[in-house]
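Visitor: Okay, sequence plus prediction incoming.
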Amino acid sequence: MSMLFDDFLIRATLAGIAVAVAAAPLGCFVVWRRMAYFGDATAHAAILGVALALAFNLSVFLGVLFVTILMATLVSRLSGRGFAMDTLLGVMAHASLAIGLVAVSFLSGVRVDLMAFLFGDILAVSVTDLVVIWAGALSVLALLVWRWDALLTATMSPELARAGGLDPDREQLVLSITLAIVVAVALKVVGVILITAMLIIPAAAARPLARTPESMAVIAILVAIIAAFGGLQMSLWADTPAGPSIVTVAFCLFMLSLITGAFYRGMR
């Protein structure tokens, strides 16, 4: 069994599948709630988490997880308090990225590969990284399955959720924390800049082909898995960066889904 994980391409593929399983169904809620900019703000905060983890000699995953959860909670609490959401997210997204990059520049005696954190380094995933990524991905998936009905109701109609005894603000916070976990999990695979793409593009590709929320989530997972596998193969054959290659394949699948969806609507 250990021989199986000695192949870097096997480890990279398993890491890509883990991110697909976690990011795709969550991405459906990001699309439904129009939270793309929220995902950007949370993802950009990850660089600050990297800097703090390296400064205090902590696990990068734990540092990123702490900062992204803090960012997600802070934005959720500040929204609706005198600032438009897009303004607040714009400030937080770019400020957190800038502060993180400045903080990294102050680290002395620490060698930091910023390109790996910005665009991912899936081919360098270790067995330990793989365990952490899958643990985070399965936690996200379990949380989404557990809260699916509540999250879906709060997304469709906050008023209906309140009438049913649910707290839409609490569900928003659950979604925000889940998003923070996905960012921490996906950092090694696609990097800060491309995490939001892996949240949004598979979900957007699934939308024209799905008839129910559940089928959209399943199709989004399949699209993300195909994108991960196809992107790695493209990187291997064409010697292109792995993270951007995965997102490129995902975009091609998105365009294909638009054409397919338009064709079926025309047939009807």
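Guide: Ah, there it is.
Visitor: From here on, just use CA atoms for contacts and neighbour counts.
Guide: Noted.
Visitor: In the stretch 51-200 of the chain, where is pLDDT below threshold?
Guide: 76, 78-86, 109-113 (pLDDT under 70).
Visitor: do that again at 80, thanks
Guide: Residues of the stretch 51-200 of the chain that meet the criterion pLDDT under 80 lie in 72-93, 104-105, 107-118, 193.
Visitor: What segments of it are helices?
Guide: Taking DSSP state H, counting those that start in this stretch as the test, the helices found in the stretch 51-200 of the chain are 60-78, 85-105, 114-119, 127-156, 158-163, 168-206.
Visitor: deepest of those, which one?
Guide: helix 168-206 (a mean of 25; mean count of other Cα atoms under 10 Å).
Visitor: Surely Thr68 touches Ala46?
Guide: Yes. Between Thr68 and Ala46 a contact is recorded at 6.0 Å, counting by Cα atoms under 8 Å.
Visitor: any shared contact partners between the two?
Guide: 183-184 (Cα atoms under 8 Å, 6 or more residues apart in numbering).
Visitor: In which helix or strand does Ile17 reside?
Guide: Element membership for Ile17, per DSSP states H and E: helix 8-32.
Visitor: how much does that helix deviate in direction from helix 127-156?
Guide: 10 degrees (axes from the mean of the first three to the mean of the last three Cα atoms, to 10 degrees).
Visitor: and helix 8-32, what does it pack onto?
Guide: helix 127-156, helix 168-206, helix 213-238 (3 or more Cα pairs under 8 Å, 6 or more residues apart in numbering; DSSP states H and E).
Visitor: Could you save these as a markdown table and add columns showing distance to Ile99?
Guide: Shown next, in a markdown table, are the helices and strands packed on helix 8-32 (distance: least, Cα to Cα, whole Å):
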| stretch | distance to Ile99 |
| --- | --- |
| helix 127-156 | 26 |
| helix 168-206 | 14 |
| helix 213-238 | 30 |
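Visitor: Out of the ones you listed, which is closest to Phe119?
Guide: Set against Phe119 and scored by Cα to Cα, the helices and strands packed on helix 8-32 come closest in helix 168-206, at 4.0 Å.
Visitor: how far is that closest one from where the chain is centred?
Guide: Helix 168-206 sits 3 Å away from the centroid of its parent chain (Cα atoms, centre = their mean, to the nearest Å).
Visitor: how far off helix 60-78 does that helix point, in degrees?
Guide: 120 degrees.
Visitor: Identify each buried residue in the helix holding Ile17, please.
Guide: Neighbour counts over helix 8-32 (16 or more other Cα atoms under 10 Å) mark 8-9, 11-32 as buried.
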